[in-house]
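Q: got a sequence here, can you model it:
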Amino acid sequence: MADVINGYECVLNGEMKGVKYLVDLIETNHITDDEIFYLVHIAAEIIERRQTPELSLVPCYSG
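A: A predicted model of the protein is given here:
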């Protein structure tokens, strides 16, 4: 489980692409189809809950 968390943090920090992380995770741990569906479901819930900055708060630099 620690490898899963560390890998996910690498994706969030931009150190690794999400697809590469998932492929490595599946190949390394021989994850079944049911486990893949579970991981995708959990990842979607985490992403859905993640706070995103309001677009109006992002500085606009023109010209």
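Q: give me the phi and psi angles of Asp34.
A: With angles defined as degrees, to the nearest 10, Asp34 sits at phi -60, psi -40.
Q: what about it, neighbour count?
A: 8 (other Cβ atoms under 10 Å). The C-beta positions use only the backbone N, C-alpha and C, and glycine is treated the same way.
Q: check Val40 too.
A: Neighbours of Val40 (other Cβ under 10 Å): 11.
Q: can you tell me the helix or strand for it?
A: helix 33-49 (DSSP states H and E).
Q: who are the packing partners of that helix?
A: On a contact count with 3 or more Cβ pairs under 8 Å, 6 or more residues apart in numbering; DSSP states H and E, helix 33-49 meets helix 18-29.
Q: Phe37 is in contact with Ile26, correct?
A: No: Ile26 is beyond contact range of Phe37, at 11.8 Å (criterion: Cβ atoms under 8 Å).
Q: need the overlap of contacts for these two.
A: Counting by Cβ atoms under 8 Å, 6 or more residues apart in numbering, Ile26 and Phe37 have no shared contacts at all.
Q: who has more neighbours, those two?
A: Ile26 (15 against 10).
Q: report the separation between the nearest residue to the more buried one once chain neighbours are set aside and Gly7.
A: If the residues on either side of it in the chain are set aside, Ile26 comes closest to Ile36, at 6.5 Å by Cβ to Cβ, 6 or more residues apart in numbering. Applying Cβ to Cβ, to the nearest Å, the value for Ile36 to Gly7 is 14 Å.
Q: try Asp33
A: For Asp33 relative to Gly7 (Cβ to Cβ), the value is 20 Å.
Q: what are the buried residues along the helix or strand bottoming out on mean pLDDT in the chain?
A: Confidence across the helices and strands of the chain bottoms out at helix 2-12, with a mean of 76, counting by mean pLDDT, DSSP states H and E. Judged by neighbour count (16 or more other Cβ atoms under 10 Å), helix 2-12 contains these buried residues: 7-8, 11.
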